[in-house]
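A.B. asks: Here's my sequence, what's the structure:
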Amino acid sequence: MSAMKERDPIRKDDSWRTFDEIMEMAKKEDVDMVLLGGDLFHDNKPSRKSMYQVMRTLRRNCLGMKPCELEFLSDANEVFEGAFPHVNYEDPDINISIPVFSIHGNHDDPSGDGHFCSLDLLQVAGLVNYFGRIAEADNIEAKPVLLQKGQTKLALYGLSNVRDERMFRTFRDHKVKWFRPNVQQTDWFNLLTVHQNHHAHTATSYLPENVLPDFMDLVVWGHEHECLIDPSQNPETGFHVMQPGSSVATSLVAGEAVPKHVAVVSITGKDFKIKKLPLKTVRPFVTKDIVLATDKRFKGVDKMKDNRQELTKRLMKVVDEMIEQANADWLAIQDEGEDAEEAPPLPLIRLKVEYTAPEGGQYDCENPQRFSNRFVGKVANTNDVVYFHRKKTTASRGKQTAELPEGIDENLGLDTVKVEALVQEFLAAQSLKILPQAPFAMQ
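C.D. replies: Numbers count the residues shown, from 1 in each chain. A predicted model of the protein is given here:
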């Protein structure tokens, strides 16, 4: 994700440096093509510097005299748009050795006059093959890019990002049409790349795996930031799902602390295997949660009078240990002899502290930004190293103005509650009804 934290004086070059590493890996591994799952850029209108770095990396690693061995079998006008609607490695004026295929994500989506996005600029320059466009979000036609090498045939599908609720509704209403090769359908390896929420944040703000067609062999899932690159099989549909995650940490959450990888996918006939490659330029990130009341290192601090200084001292020791761990993690994945004298980059550190004190005690916590500023020169995120929070308390249910219908009280104890269904059931018991949403929904 290029241009991430571009205005941060410490982290401004992280994203393009890692993108450069990824493309150099592709060249070293002698891959046939590179597949990107969206959000090549963090901003809808990337800066000149960001665009320059991406174009520089693509030109340096993708152009060359080595012929591309992929045979393009699609009707180019059906899968590409723009001034040059053809695959770039068949352009007689450009020597492409490693073609890049990409869909757009929610950060680099088309907008404005002409409905262009940053990928359109890269495509018109001959550096990227932008596919998976969605002309009508309420009536999607998914047409594959058909490629062949030797006896292996690949049908590459792409679904660029659409607002999650709208995408959910389109699939629910069966308004997605999947096109398939009209010859030897069972011989094709079907690969889909999407850029949507993978997990249900609300009832309709995600794309369930089981609505995707079961003729898929592999789904590469973009948008989600946690790196879960090992393929997992969906027991209902049978296809495998890979979630590469973001190439750099975009927020200070536990999912971003999972080691970042890319994968080389080797396809032979209908079978595939992957080779995981760790990213070595990624800034190390360590996160930890502690509860002061139960952590032995803070035993008795809550009983001390004016304990801010002592509490701060002990918390600083925890952060110092996290910094040491981050540096050790970074050194562990570096190749021996390669940049041996290079010091680890300043790490990202996030310490979440639950400071609810036992009865009769208290914790006098320092201002989190002032505490974080103590680590200037030691960490990359000097303003948000620590996050203080109290234990969440469950509010007791007050008096109920109307008796709940039988059966609802038990449902409230379930982990997952369909709120809409409960509301409808409750109102029905009171001889009331809720107005339908559809007539008022904004089209």
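
A.B. asks: for the chain, which helix is longest?
C.D. replies: helix 308-332 (DSSP state H).

A.B. asks: what's stretch 39-51 in contact with?
C.D. replies: 1-4, 6, 15-16, 19, 54, 102, 104-109, 111, 117-119, 121-122, 195, 222-223, 246, 250 (Cβ atoms under 8 Å, 6 or more residues apart in numbering). C-betas here are computed from N, CA, C, even on glycine.

A.B. asks: Show me the residues you listed that map onto strands.
C.D. replies: Mapping the contacts of stretch 39-51 onto strands (DSSP state E) picks out 102, 195, 222.

A.B. asks: Okay, and the beta partners of the second one?
C.D. replies: Following DSSP bridges, His195 is listed with bridge partners Gly222.

A.B. asks: Is it correct that it is in contact with Gly222?
C.D. replies: Yes: using Cβ atoms under 8 Å, His195 is in contact with Gly222, at 3.9 Å.

A.B. asks: which neighbours do the two share?
C.D. replies: Common neighbours of His195 and Gly222 (Cβ under 8 Å, 6+ apart) are 37-39, 103, 105.

A.B. asks: okay if I get the residues you listed as a markdown table plus pLDDT, distance to Arg133 and neighbour count?
C.D. replies: Compiled in a markdown table, the shared contacts of His195 and Gly222 are given as follows (pLDDT from 0 to 100; distance: Cβ to Cβ, whole Å; neighbours: other Cβ atoms under 10 Å):
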| residue | pLDDT | distance to Arg133 | neighbour count |
| --- | --- | --- | --- |
| Gly37 | 92 | 15 | 25 |
| Gly38 | 87 | 12 | 26 |
| Asp39 | 87 | 16 | 25 |
| Ile103 | 93 | 8 | 27 |
| Gly105 | 86 | 13 | 23 |
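
A.B. asks: ok, of these, which one's closest to Phe179?
C.D. replies: Ile103 (16.3 Å; Cβ to Cβ).

A.B. asks: Identify the residues contacting the residue nearest to that closest one when sequence neighbours are not counted.
C.D. replies: Leaving out its chain neighbours, the residue that sits closest to Ile103 by Cβ to Cβ, 6 or more residues apart in numbering is Gly132, at 3.7 Å. Residues counted as contacts of Gly132 (Cβ under 8 Å, 6+ apart) are 103-104, 157-160, 193.

A.B. asks: how about CSV for these, with secondary structure and distance to Phe171 added?
C.D. replies: Formatted as CSV, the contacts of Gly132 follow (DSSP: H, G, I helix; E, B strand; the rest coil; distance: Cβ to Cβ, whole Å):
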residue, secondary structure, distance to Phe171
Ile103, coil, 17
His104, coil, 19
Tyr157, strand, 14
Gly158, strand, 16
Leu159, strand, 10
Ser160, coil, 15
Thr193, strand, 16
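
A.B. asks: Least confident of the residues you listed?
C.D. replies: Lowest in pLDDT among these is His104, which has 88.

A.B. asks: With adjacent residues omitted, what lies nearest to that residue?
C.D. replies: According to Cβ to Cβ, 6+ apart, the nearest residue to His104 is Ser160 (4.5 Å).

A.B. asks: how close does the residue nearest to Ile103 get to Arg166?
C.D. replies: Relative to Arg166, Gly132 is positioned 16 Å away (Cβ to Cβ, to the nearest Å).

A.B. asks: residue contacts, the residue nearest to His104?
C.D. replies: Going by Cβ under 8 Å, 6+ apart, the list of residues near Ser160 reads 38, 103-105, 109, 132-134, 195.

A.B. asks: My guess is Pro368 contacts Thr382. True?
C.D. replies: No: Pro368 is beyond contact range of Thr382, at 11.7 Å (criterion: Cβ under 8 Å).

A.B. asks: all helices of the stretch 151-300 of the chain, in order?
C.D. replies: If DSSP state H, counting those that start in this stretch is used as the criterion, the helices of the stretch 151-300 of the chain fall at 164-172.

A.B. asks: Mind jotting down where the strands sit in it?
C.D. replies: Using DSSP state E, counting those that start in this stretch, the strands of the stretch 151-300 of the chain run over 152-159, 176-178, 188-195, 218-222, 228-233, 240-243, 261-268, 271-278, 285-291.

A.B. asks: wait, which of those strands is closest to Asp329?
C.D. replies: strand 285-291 (7.3 Å).

A.B. asks: Does anything pack onto the closest one? Which helices or strands?
C.D. replies: In terms of contacts (3 or more Cβ pairs under 8 Å, 6 or more residues apart in numbering; DSSP states H and E), strand 285-291 is packed against helix 308-332, strand 348-354.

A.B. asks: list the buried ones in the longest one?
C.D. replies: If I follow you right, that is helix 308-332. Going by neighbour count (16 or more other Cβ atoms under 10 Å), the buried part of helix 308-332 is 311-312, 315-316, 318-319, 322-323, 326-327, 329-330.

A.B. asks: where's Arg314 relative to Asn161, distance?
C.D. replies: Taken as Cβ to Cβ, the span from Arg314 to Asn161 is 45 Å.

A.B. asks: How far does stretch 155-172 sit from its chain's centre?
C.D. replies: Its chain's C-alpha centre and that of stretch 155-172 lie 16 Å apart, by Cα atoms, centre = their mean, to the nearest Å.

A.B. asks: And stretch 72-84, by the same measure?
C.D. replies: 28 Å.

A.B. asks: now stretch 99-109
C.D. replies: Its chain's average C-alpha position is 13 Å from that of stretch 99-109, according to Cα atoms, centre = their mean.

A.B. asks: what about the stretch 201-350 of the chain, any weak spots by pLDDT?
C.D. replies: Within the stretch 201-350 of the chain, the stretches with pLDDT under 70 are 336-341.

A.B. asks: hang on, the earlier thing: and which of the shared contacts of His195 and Gly222 is nearest to Pro92?
C.D. replies: Out of the shared contacts of His195 and Gly222, the member with the shortest distance to Pro92 (by Cβ to Cβ) is Ile103, at 26.2 Å.

A.B. asks: now that closest one: how far from His223?
C.D. replies: 10 Å.

A.B. asks: so what sits against both of those two?
C.D. replies: 37-38, 161, 194-195.
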